[in-house]
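Novice: just coords:
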């Protein structure tokens, strides 16, 4: 599968910061979670960018902030050459025709009290996508595009299986003919055989409609298969990014390496090789100083405990935020040949 | 595998009452579990793997469920065993760990007490003794600062640590068999890798057998000695782990392996399996995979194929009328 | 915990202030001149003017408001227009009686309600469940005064087991208990109806939780699962509800005190209502507010004791 | 091409009908309650006497063929007074709860969906009101404003509003974070559309259950206020007021208090049956897949 070459940025986030106030216990002082800490990323035209990391790393927050479903505390968001950080609600609603999202849990993301027809027709009506009398035809067309039978229109979400619901969610996003879709763990809740079907559908849409995706997932295998580039996040920060093959075959950041080693592979020999995976993600309420990863890093030195590593260009479209990059980069490459 | 099986399941069928009629969620499940062996039950959601697991501990009782067939633990029949007898086996001989460490622990009881509870129920020892033992197991599963954390509550631990506590609880009476129902599914991959290593280590050192339930073939590769692949309430293929991954014979197993996008190499095309898993009410009389199977013939629709060696080695059985030919393996 | 209690008290200041303001505003919008009401229609204009000065009614409203707040801060709610006694003294003399009734009812309601609810949940969809549900629904439908009258007719008038009218003045502890029994049963049984429902649904939910299955998988006998795991969790939401119900109890005590002719805040407020004794009404409302704030605080603290997940480390 | 399955209102009605007829508890409750409503509506036809007519020769009469339920201390016919009393109870209860439901649900959804200062303000006000049992709050308001019908309605509505705010707000907050409300925002739907078309339809079951149960409470509170002496002024017949009068003669003429008590019990019980049945029927934990 060779998607068309990217040409220039479509959706960009610059230095995005977002904090949440943690829920307070009885009388406890308020605490803040840095869900996004100076995050910059770019999705190019017709590009599929993967965003990977473990739960709580801020990947979902990043996706929703870029769509302005959440408001960033600092930083800016540009879409198709326009700064949309402070776009007024009315303008933002119009922009949403071009920026869409599909969710992890397709059942939770559909209104349980609306039939598939109503769900789709509502979007078409609100955005005046087509003349009213053409709505039924347009709905039928959408269902066909995502591989659902016409009879699906009259049924409610609960009457469908997980994979079919995700198809409905995709149809809803497609109804406004978007340029970019944020897929937030869109295949994570599905069984592998269904997951493959949905990935197939998303790939077909990418080719036919020239869609761009921001593909958020914790599954490195899926990201490697489906994306061209990927960004790895840890505790609200980007640690590494680059083309998928290079990123996962020769990780530069020790965290990427750990993630890669821990990812299950359907191969008993590889799967039983001793893995060096230690520690747990610390509480985002009190992230470690310096490089957030240093308590779990086998290579950490004094500087890692004090200074936040800067993002450095590693060539070949790769970026890495690690103090040890110059010394360890080659060693890292060597360990995955 | 040497020795008599510690667990022998034969013709197991679990039925549920759905809309007034009894429907079989699983049919004709047969497998043995050897001492010190880890058997993985793998399959997609709704294939009956968790139900099979729960029926082994007799946790499915009640008006809505019915268990038929035979489950023998070291020669003793579990199906139909009175509750009071089952309580003596649960936790002591056969223990279980669950998918959600968050909800599997009692939120208002200190974790140490929850571990000690199993010990005092089964071994009838004093509070202090139970606590000492419980602490030992907390340390055994590498919970840092165990003595200080004995009286902490579940919400004060991370997801990975909670799962370690659940494991310590299951280990507390040194059971012969551990039933693990998707114990790593709710965890992040780096935690999953650690928990899998922990379980491998415990099984080896405590001479324990394990039935490991999962939907992930990657996890199977990391933990199992033998694998039983389930589809729509039946075992379709059972084989030693290396054999299954190297030379799968059932079309479903083959398709499943080709549907996984892999992180360790370039996947050019992903082969999706067309159609979807039938619901319990839609189970046919023949091979249940036939409607999605590229090799299905008319014969497949008629009778359910039996799990048999079908020309391969005795340890590798497959329930298919047209299995892939046995590959000559250059060993 | 102490820090939490103090914070909570600080947070209730706005509530108290809002109620005080409401009370002040309400007394100013009542039609009629309080001085006229006190002195009667025949009073001379001079006497009325003099009383105006005495009551502070000649000053601007905002000054009256500040004055009112200052008095309240000093614990001065004025004097009863009818008896001339200080409002604080009046309330203090009957408060113990109302508190006694409220606490006794709370105990009765909880002791009956929780076990019944748990029993029903354990035997879901069987006879005990149906009985408890029907009984509790009936209890919820009975106004407190109707139920009080019924008990009074049966046990005092017909059977003569308890006094028809509560004794006043100094009485022996036993006699006091006898007088307390029926009013406390009235409120307690009605409360039990409610508590049983809440316990039942809470228990049903808990019995479906994963950790119940874990406990069973450990081999813990069923009775122990119920006692050690299910009940201890199911009781948590019940604590909140019991706390909220304290307000209802305080409200319903007005009715019971009327029915059983028992001295208390309720009798006092009803008397003040019929005689339009505004200073007493004002004072009692502030007192009720205080009582409810304290009840809420106690509930929160009790909740913390039963639920370790909100407890501070 | 399948068409949308009827209008939303039609579907709602059908669903209500299906729920109502599926559950014997709800059915029994509805039948009982409709009976009371019918009695109130057709009171002049049903009553055997003028409820205000005094007959000083027939004071405190026991039940007889002339006066089915006896007469009170003014010789008025108790049966007829109960029949007319139903009007007061229902009018006050229904008006108060409907007002509270509309105002409360609106405020609840608004504050839950918008959050921020709106939520803070509504939340504070609600908490202050919630702290008071409805009886005490009603007592305060009526005590100062005087016991007119409008004041009674206002007092009970005021005491009930925070209940609806709470019941509408909590699920709205939960829904706001649910993906499909996020999806509405992502699809560029206006907040108003999202609230009316996607939030409200999903929380109405809870509001409906609340309305039924609080109607029961409102009727109870109205009777309690009347018993205390803060009801609609005599000689207008109210159930609470009748019990109050009956209570004065409790030792000699039991029935004076008993019959109006039964009337209250029947109405409140019927409403509780409906509310309880609805709650069970709508509880997602108990619901079978449709």
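Specialist: Okay, I see it. On a predicted model such as this, the values are computed, not experimentally measured, just so you know. Numbers count the residues shown, from 1 in each chain, chains lettered A, B, ... in the order given.
Novice: if you look at the helix or strand where residue C:135 lies, does any of it touch chain B?
Specialist: Assessed by DSSP states H and E, residue C:135 sits inside helix C:127-141. No. On the criterion Cβ under 8 Å from any Cβ of the partner chain, helix C:127-141 is out of touch with chain B, staying 14.3 Å away. In this view, the C-beta of every residue, glycine as well, is placed from N, C-alpha and C.
Novice: check contacts around the nearest residue to residue D:144 once chain neighbours are set aside.
Specialist: The shortest distance from residue D:144 to any non-neighbouring residue, by Cβ to Cβ, 6 or more residues apart in numbering or on different chains, is to residue C:26 (4.1 Å). If you count contacts by Cβ atoms under 8 Å, 6 or more residues apart in numbering or on different chains, residue C:26 has them with D:140-141, D:144-145.
Novice: hmm, back to that, list the contacts of the helix holding residue C:135.
Specialist: By Cβ under 8 Å, 6+ apart, helix C:127-141 touches C:116-117, C:119-121, C:123, C:189-190, C:192-194, C:196-197, C:200, D:216, D:220, D:265, D:268-269, D:272-273, D:276.
Novice: now list the buried members of those.
Specialist: C:116-117, C:119-121, C:189-190, C:192-194, C:196-197, C:200, D:216, D:220, D:265, D:268-269, D:272-273, D:276 (16 or more other Cβ atoms under 10 Å in any protein chain shown).
Novice: chain B next: which of these are close?
Specialist: Applying Cβ under 8 Å from any Cβ to those, none is adjacent to chain B.
Novice: and the closest residue to chain A within chain B, what is it in contact with?
Specialist: Nearest to chain A, among the residues of chain B, is residue B:218, at 2.6 Å (Cβ to the nearest Cβ). By Cβ under 8 Å, 6+ apart, the contact set of residue B:218 is A:221, A:263-266, A:271, B:260.
Novice: helix or strand right after the helix or strand of chain C with the lowest mean pLDDT?
Specialist: Lowest on mean pLDDT, DSSP states H and E among the helices and strands of chain C sits helix C:34-39, with a mean of 67. Using DSSP H and E, the helix or strand that follows helix C:34-39 towards the C-terminus is helix C:45-55.
Novice: I'd say residue A:44 and residue A:10 touch.
Specialist: Yes. Here residue A:44 reaches residue A:10: they are 6.1 Å apart, a contact under Cβ atoms under 8 Å.
Novice: who has more neighbours, the two?
Specialist: Higher neighbour count among residue A:44 and residue A:10: residue A:10, with 23 against 18, using other Cβ atoms under 10 Å in any protein chain shown.
Novice: other residues contacting the helix or strand where that one lies?
Specialist: Element membership for residue A:10 (DSSP H and E) is strand A:9-21. Applying Cβ under 8 Å, 6+ apart, the external contacts of strand A:9-21 come out as A:30-45, A:47, A:58, A:61-62, A:65-66, A:70-80, A:99, A:179-180, A:212, A:214.
Novice: go through the contacts of helix C:127-141 and flag which are in strands.
Specialist: Among these, no member falls in strands (criterion: DSSP state E).
Novice: could you list which of these belong to helices?
Specialist: Judged by DSSP state H, helices contain the following of the contacts of helix C:127-141: C:116-117, C:119-121, C:189-190, C:192-194, C:196-197, C:200, D:216, D:220, D:265, D:268-269, D:272-273, D:276.
Novice: follow-up on the earlier one: pretty sure the residue nearest to residue D:144 sits in a helix.
Specialist: Yes. Counting by DSSP: H, G, I helix; E, B strand; the rest coil, residue C:26 is located in a helix.
Novice: do you know how far it is from residue B:119?
Specialist: 64 Å (Cβ to Cβ, to the nearest Å).
Novice: kindly report the same for residue A:95.
Specialist: 61 Å.
Novice: neighbour-wise, which of the two wins?
Specialist: A side-by-side neighbour count of residue A:95 and residue B:119, using other Cβ under 10 Å, places residue B:119 first with 24 against 17.
Novice: in which helix or strand does the residue nearest to residue C:146 when sequence neighbours are not counted reside?
Specialist: Setting aside the residues directly before and after it, residue C:146 is nearest to residue D:261 in space (Cβ to Cβ, 6+ apart), at 4.4 Å. Under the criterion of DSSP H and E, residue D:261 resides in helix D:255-282.
Novice: give me every residue in the stretch 101-250 of chain D lying close to chain A.
Specialist: Neighbours of chain A within the stretch 101-250 of chain D, by Cβ under 8 Å from any Cβ: D:178-180, D:182-183, D:185-190, D:193, D:197-198, D:201-202.
Novice: and which of those residues is nearest to residue B:252?
Specialist: Nearest to residue B:252, judged by Cβ to Cβ, of those is residue D:179 at 31.8 Å.
Novice: that closest one: how many residues sit nearby?
Specialist: Neighbour tally, residue D:179, other Cβ under 10 Å: 20.
Novice: so it sits against residue A:105, correct?
Specialist: Yes. Contact criterion Cβ under 8 Å: residue D:179 and residue A:105 qualify, at 6.1 Å.
Novice: ok so, going back, just the buried ones from the contacts of strand A:9-21?
Specialist: So, by 16+ other Cβ under 10 Å, the buried ones in the contacts of strand A:9-21 are A:33-45, A:47, A:58, A:61-62, A:65-66, A:70, A:72, A:75, A:77-80, A:99, A:179-180, A:212, A:214.
Novice: tell me the pLDDT at residue 118?
Specialist: Going with chain A. With respect to pLDDT, residue A:118 scores 93.
Novice: wrong chain, I was asking about chain D
Specialist: pLDDT at residue D:118 comes out at 88.
Novice: for it, pull up the helix or strand it's in.
Specialist: Judged by DSSP H and E, residue D:118 forms part of helix D:116-130.
Novice: from the middle of its chain, how far away would stretch B:247-254 be?
Specialist: In this view, stretch B:247-254 has its centroid 20 Å away from the chain centroid, taken as Cα atoms, centre = their mean, to the nearest Å.
Novice: mean confidence (pLDDT) on that stretch, please.
Specialist: 95.
Novice: ends of it, how far apart?
Specialist: 9 Å (Cα to Cα, to the nearest Å).
Novice: who touches that stretch?
Specialist: B:229, B:231, B:236-237, B:239, B:244, B:257, B:273, B:289, B:292-295, B:310, B:312, B:316, B:318-320, B:322-324, B:326-327, B:329.
Novice: restricted to buried residues, select those residues in PyMOL.
Specialist: A single PyMOL command is used to select the members of the contacts of stretch B:247-254 judged buried by 16+ other Cβ under 10 Å:
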select buried, chain B and resi 229+231+236+237+239+244+257+273+289+292+293+310+312+316+318+319+320+322+323+324
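Novice: considering only the contacts of stretch B:247-254, which also neighbour chain A?
Specialist: Checking the contacts of stretch B:247-254 against chain A (Cβ under 8 Å from any Cβ), the matches are B:257, B:273.
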